[in-house]
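1. Structure of the sequence below:
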Amino acid sequence: MSDANSVGSAPRQRPTLTKIVATIGPASDSPEIVEKLIEAGVAVFRLNFSHGELEDHARRLGTIRAAAVKLGQPVGVLGDLQGPKIRVGKVADPGIMLEAGQDVVFDPRGAGELPTSAMAATGTVCLPTEYPSLGKEVSVGHRVLVNDGAIRLLAVDRGTGDEPDWLRCRVMSGGLVTSRKGINLPDSDVKAAAITERDWACVEWAVAHGLDFLALSFVRRAEEVRELKRALAGMCPSEFAVEYTGVGALIPVVAKIEKPQALEEIDAIIEASDAVMVARGDLGVEMDLAQVPLIQKHLIAKCGEWGKPCIVATQMLESMIVSPSPTRAEASDVANAVLDGADAVMLSAETAAGKHPLLAVETMRRIAAAAEERVALSMTQPSPAARITKSRYRTGALAHGAWHVATDVGARVVACWSQEGGAARYLSQAGFAIPIIAYSNSDRQVRRMALLRGVTARLMRVPTSGTLREWNQMVEADLRELGWIKDGDPVVLVAGKPLGIKGAANTITIHYTGNKATGFMAH
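-> Down below sits the predicted model:
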């Protein structure tokens, strides 16, 4: 709609309630592919700071922003911090083959500078490591896993006295080790800082470039999330400060759950975070693989209780890195995440480096749509999150009430004015099985709403008169342009007086499209 929606165009297809996050990389960073991915259903793009330089990410960010403006679609961008990833150092090509029963010495000083005591075992292989405290923090008997657990070793000795840094391990299951492969230490209490120097540089870059979300990797404690949010609050210009959980922050923080220690205080971590990512790659290495599906379900349910978005990530359509179609098991995996209530599902290498990035997104969208149709046909609709039901906040109470009103009248759509995204967040948390369309005149908040389940965010000017009646008419015109309603359809509207003011939501209205008069209004 030309006058009401300053972004301009309508989506070519009705988006799924479950949001799709796609990682951008060499296979998908051309302007043509980015535009097609947005049209196919990508709501949020992920910049993976573990790979590439900041100059590369700046170029990709520019491509995403330009494509979003061209298509008239608000698209969020998530920066994924690398975190304290422990890695093998540089080894000669094509790598070093490890055999079961062989001894390996890890040392931060490199293979050419290992102490004599570390070389006592016959046939010992020397591997450099980028983590200087490996020999101090891994005890004899602890597991050392390389390359996502494909290579498994057991610590048998470590340096002492003047030579405390090296660690000798015995290979239990071998394979080829190449440069910078990841090392996982599931039995060890790693003391590495949650946010590295490289991460802090990326945080500053993210603030300067206006990213919409930051993902914190390898979260172990809630205080690590709070540390990042305090830093973000300090970097935030006061006129743009938006209050999120616990601390005001310019950029919402997504806590990535991939360490067993995180599960020990998961409630505190969820409370401190703005969203949670179930990062199944490292989680499946750090913990018993058989437990990962159960942990995923548990975390989705926990996020539902707290009313926080939950992203399910890693290997969702892994075979589509090379194949034009997923396995049946992968299709079931995506569908089950949707059925369990995930707010978003994520593609990693499938879109960053795979042969079929566009097809992967289209496939994920079709699977999500089919699963959502099954949910809509079920006898009972999901009820609002406990946090919404018990909330004493006005907007939370309105969201709770809007859920009951929409259910009772059989509403086709719930529409809200959400200046800073708060009303949209509460409505998303309320468990609607119908679309929520959220309007704001803030570009920043419209992009951030892209991660909220069920929410389609639209940029709209504040009505000239400032009245709810004029806004109702603007919403109906927009919904007609989107093709989401026909005459006589009930629409539930949530807004406040005056429009355009943060935290002013105080009205629920039932509007029957095609009628000049508005239906029931509650304050």
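2. can you confirm Lys229 is in a helix?
-> Yes. Checked against DSSP: H, G, I helix; E, B strand; the rest coil, Lys229 lies within a helix.
3. Please renumber the chain so that the first residue is 55 from this point on.
-> Happy to do that; since the first residue is 55 now, the last one works out to Lys283.
4. Val307 is in contact with that one, correct?
-> Yes. Distance between Lys283 and Val307: 5.7 Å, which falls inside the contact criterion (C-beta atoms under 8 Å). Backbone N, C-alpha and C define where each C-beta goes, glycine included.
5. what about Glu426, helix or strand, and which?
-> helix 411-431 (DSSP states H and E).
6. Please tell me how far that helix is from the chain's geometric centre.
-> Here helix 411-431 shows a centroid-to-chain-centroid distance of 18 Å under the convention C-alpha atoms, centre = their mean, to the nearest Å.
7. Check stretch 199-206 too.
-> Taking the mean of its C-alpha atoms, stretch 199-206 sits 25 Å from the chain's own mean (C-alpha atoms, centre = their mean).
8. CA atoms of it as PDB?
-> What follows is the C-alpha trace of stretch 199-206 in PDB, where atoms were taken according to Å, rounded to 0.1, in the frame of the first residue of the first chain:
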ATOM      1  CA  LEU A 199      37.300 -34.800  20.900                       C
ATOM      2  CA  VAL A 200      38.400 -33.300  17.500                       C
ATOM      3  CA  ASN A 201      36.500 -32.400  14.400                       C
ATOM      4  CA  ASP A 202      33.000 -32.500  16.000                       C
ATOM      5  CA  GLY A 203      33.800 -35.700  17.800                       C
ATOM      6  CA  ALA A 204      34.800 -37.700  14.600                       C
ATOM      7  CA  ILE A 205      38.200 -38.200  16.200                       C
ATOM      8  CA  ARG A 206      38.200 -39.300  19.900                       C
END
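9. buried ones in it?
-> Leu199, Val200, Asn201, Gly203, Ile205, Arg206 (16 or more other C-beta atoms under 10 Å).
10. mind checking the SS state of the first one?
-> Leu199 falls in the strand class when you classify it by three-state DSSP.
11. Tell me how many other residues crowd the closest residue to it other than its chain neighbours.
-> In space, not counting the residues next to it along the chain, Leu199 is nearest to Asn238; the distance is 4.2 Å by C-beta to C-beta, 6 or more residues apart in numbering. Neighbouring residues of Asn238 were enumerated by other C-beta atoms under 10 Å; the total is 23.
12. got a list of what Asn238 touches?
-> Asn238 sits next to Ile140, Val198, Leu199, Val200, Asp202, Gly203, Asp336, Val339, Glu340 when contact means C-beta atoms under 8 Å, 6 or more residues apart in numbering.
13. Closest one to Val545 out of the residues you listed, please.
-> Sorting the contacts of Asn238 by distance to Val545 puts Asp336 at the head of the list, at 43.6 Å, by C-beta to C-beta.
14. quick one: that closest one is in a strand?
-> No. If the criterion is three-state DSSP, then Asp336 is helix and not within a strand.
15. show me what contacts it?
-> Contacts of Asp336 were listed using C-beta under 8 Å, 6+ apart, and they are Asp202, Gly236, Asn238, Phe272, Glu312, Lys313.
16. Quickly name whichever of the residues you listed is closest to Leu506.
-> Nearest to Leu506 among these is Glu312, at 23.1 Å by C-beta to C-beta.
17. For the nearest residue to Gly195 once chain neighbours are set aside, name its beta-bridge partners.
-> Of all residues not flanking Gly195 in the chain, Ala209 sits nearest, at 6.4 Å (C-beta to C-beta, 6+ apart). Each beta-bridge partner of Ala209 is listed here, defined by DSSP bridges: Cys223.
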